[in-house]
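J.: sequence first, then the predicted structure:
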Amino acid sequence: MTEEKKAVFDELFHLDVSDRVEKKKAGKTELSYLSWSWAWAEVKRRYEDVYYTIQKFENNLPYVYDENTGYMVFTSVTISGITHEMWLPVMDGANKAMKSTAYTYSTKYNGEKTVEPASMFDINKTIMRCLVKNLAMFGLGLYIYSGEDLPEEEPVKQASKVQVKAINDLLSKVSKMTDKPFISVEKATLNYLKINKKTTDEIDVEEHEKMIVYLQGVVGKLEKIEKDKKEEAAKKANQDMFEEMEVEQEGLPLEYPQAK
């Protein structure tokens, strides 16, 4: 690295941007961004000769598009004769690649989600985000992208004793209703739900919720089966009783003797 390159990087890298970081929730993760207007102003104040280029492609469009992978935009920034390039896909609020038509994807706990088709607004917004990322190559807010200011996803909490007991109570109920050992029911449930734990004592709160919903459904179905069996047994018992009464009535006289 030449002295000039090092001087540019050192000045921008050590610039405190913490008060200018914008936060945005994406699922369970909070992402960090810098405003493009502030980032550009800070660099421009220090280096008057800075300029950026938005790369253009076929029909002078500022993006490339692939129907399988989506849109991609490209920028380049030059400071004091030093040029760095950057690229960024067009993404929605959940950081999923946007395409020309809507599509769906499956999530672990929230079912299917839809990614809407990209508009020129989305492309324009991505270009300016790409510019900020491009400036980070010169040092400005680079630590944001290296993860030092990007909060890690909070670890999932372990299920409480009360929550584990609620699961075990349902497992015990299923065990009695199916006449199968508790351990067998527990293992079968964990395997079916693809929970990589040996026992319910190890589950976390998300796995607890998943098991609760599943086991409540199982218990509900088993209770319905038992209810149907009882109703069928009662119906058969009544039918047998009426048949016995009809047999007994066949031996009775047609007319009862009158009292004297």
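T.: Yep, it's here.
J.: all strands for the stretch 101-250 of the chain, in order.
T.: For the stretch 101-250 of the chain, the strands defined by DSSP state E, counting those that start in this stretch cover 103-106, 112-115.
J.: export the ones you listed to JSON lines and append columns for distance to Leu140.
T.: Quick note: C-beta positions are derived from backbone N, CA and C, even for glycine. Putting those into JSON lines (distance: least, C-beta to C-beta, whole Å) gives the following:
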{"stretch": "strand 103-106", "distance to Leu140": "33"}
{"stretch": "strand 112-115", "distance to Leu140": "30"}
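J.: quickly compare the ones you listed and say which is most buried.
T.: Ranked by mean neighbour count, the strands of the stretch 101-250 of the chain are led by strand 112-115 with a mean of 12 (mean count of other C-beta atoms under 10 Å).
J.: so where is the stretch 151-260 of the chain shaky, pLDDT-wise?
T.: 151-156, 240-260 (pLDDT under 70).
J.: would you turn the strands of the stretch 101-250 of the chain into JSON lines with distance to Leu222 and mean pLDDT?
T.: Below are these laid out as JSON lines (distance: least, C-beta to C-beta, whole Å; pLDDT from 0 to 100):
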{"stretch": "strand 103-106", "distance to Leu222": "28", "mean pLDDT": "89"}
{"stretch": "strand 112-115", "distance to Leu222": "29", "mean pLDDT": "88"}
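J.: ok, which of the ones you listed comes nearest Phe13?
T.: Ranking those by distance to Phe13, with C-beta to C-beta as the measure, places strand 112-115 first at 34.9 Å.
J.: using CSV, write out every CA atom in that closest one.
T.: Written as CSV, here are the backbone C-alpha positions of strand 112-115 (Å, rounded to 0.1, in the frame of the first residue of the first chain):
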residue,chain,number,x,y,z
GLU,A,112,-44.3,-19.4,3.5
LYS,A,113,-43.1,-15.8,2.8
THR,A,114,-43.4,-13.8,-0.5
VAL,A,115,-40.7,-11.7,-2.1
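J.: what sits against the residue positioned nearest the centre of the chain?
T.: The chain has Thr107 as the residue nearest its centroid, 4.8 Å off, counting by C-alpha atoms, centre = their mean. By C-beta atoms under 8 Å, 6 or more residues apart in numbering, Thr107 lies in contact with Lys113.
J.: what does it show for phi and psi?
T.: phi -110, psi 160 (degrees, to the nearest 10).
J.: gap between it and Leu15?
T.: 38 Å (C-beta to C-beta, to the nearest Å).
J.: could you say which helix or strand holds Glu85?
T.: According to DSSP states H and E, Glu85 maps onto strand 82-89.
J.: list the buried ones in that strand?
T.: Judged by neighbour count using 16 or more other C-beta atoms under 10 Å, the buried positions of strand 82-89 are Ile82, Met86, Leu88, Pro89.
J.: correct me, but the first one touches Met137?
T.: No - taking C-beta atoms under 8 Å as the contact criterion, Ile82 and Met137 are not neighbours in contact, 9.6 Å apart.
J.: surely Ser175 meets Pro181?
T.: Yes - using C-beta under 8 Å as the test, Ser175 is close enough to Pro181 to be in contact (6.6 Å).
J.: please identify which of those two sits among more neighbours.
T.: Neighbour totals were compared for Ser175 and Pro181, and Ser175 leads with 17 against 10 (other C-beta atoms under 10 Å).
J.: list the contacts of that one.
T.: Pro181, Phe182, Ser184, Val185.
J.: quick one on the thing from earlier: out of the strands of the stretch 101-250 of the chain, which comes closest to Ala41?
T.: Closest approach to Ala41 among the strands of the stretch 101-250 of the chain (C-beta to C-beta): strand 112-115, 33.0 Å.
J.: other SSEs contacting the closest one?
T.: Packing contacts for strand 112-115, counted by 3 or more C-beta pairs under 8 Å, 6 or more residues apart in numbering; DSSP states H and E, involve strand 103-106.
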